[in-house]
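In: Here's a sequence, model it:
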Amino acid sequence: MLTVNIICIGKIKEKYWTDAIREYSKRLSAFCKFNITELAEEKTSGTPNESQISSILDCEGKRILAKIKESDYAAALCIEGKTVSSPDLAGLIEGAALSGRSTVDFIIGGSWGLSDAVKRRADFKLSMGRMTFPHQMARVILCEQVYRAFEINNNGKYHK
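Out: Next up, the predicted model:
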């Protein structure tokens, strides 16, 4: 069974987001082993300068990279990534599994994004589009799209 991980910076505190994520996690359990790993966000005081932001990205990036195995297929969510359709995402997940990868990692950075090291490690850079979403919402949307992808790959009725 394929393992799908969401590796993300920061915790979700709002019940409505956690309820939605819990629902998609439950649905995904029929298709894969699904995990969400929340890593601590670096603390800043005030408005950080470029050097401080670079340091934040580096620290968060090292923690993210420590969670990704060499054999994992890693998809980094970043603005410069490629936008794909739901069927394309389904194909991406299926393709990773068919290529012998047993784990697919989706990576969501913190409020400053992802380090260059994480982006270089990624097998695919994925963009949710040109609009900006709160990270909590992006996580829910990603969970829904991963669920939709499995429904597509299994000829389910969810995707119309």
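
In: Where is the longest strand in the protein?
Out: Across the chain, the longest stretch assigned as strand under DSSP state E is strand 73-82.

In: Now do the buried residues in the helix or strand just after that one.
Out: For strand 73-82, the following helix or strand on the C-terminal side (DSSP states H and E) is helix 86-98. Judged by neighbour count using 16 or more other C-beta atoms under 10 Å, the buried positions of helix 86-98 are 89, 90, 91, 92, 93, 94, 96, 97. Yep, even glycine has a C-beta here, placed from its N, CA and C like the rest.

In: Now do the SS call for the residue lying farthest from the centre of the chain.
Out: Most distant from the centre of the chain: residue 46, at 27.5 Å, with distances by C-alpha atoms, centre = their mean. Under DSSP: H, G, I helix; E, B strand; the rest coil, the three-state class of residue 46 is coil.

In: per-residue confidence at residue 83?
Out: Per-residue pLDDT puts residue 83 at 97.

In: Which strand or helix spans the most centrally placed residue in the chain?
Out: Nearest to the mean C-alpha position of the chain, by C-alpha atoms, centre = their mean, lies residue 106 at 3.0 Å. Per DSSP H and E, residue 106 falls inside strand 103-108.

In: swap in residue 125?
Out: Secondary structure assignment for residue 125, by DSSP H and E: strand 124-126.

In: Kindly report the same for residue 150.
Out: Going by DSSP H and E, residue 150 is in helix 135-153.

In: contacts for that helix?
Out: 4, 6, 8-10, 12, 14, 17, 20-21, 24-25, 27-28, 31-32, 34, 36, 77, 86-87, 89-90, 92-94, 106, 108, 110-111, 128, 133, 156-159 (C-beta atoms under 8 Å, 6 or more residues apart in numbering).

In: ok, residue 104 - how many residues close by?
Out: Using other C-beta atoms under 10 Å, residue 104 has 24 neighbouring residues.
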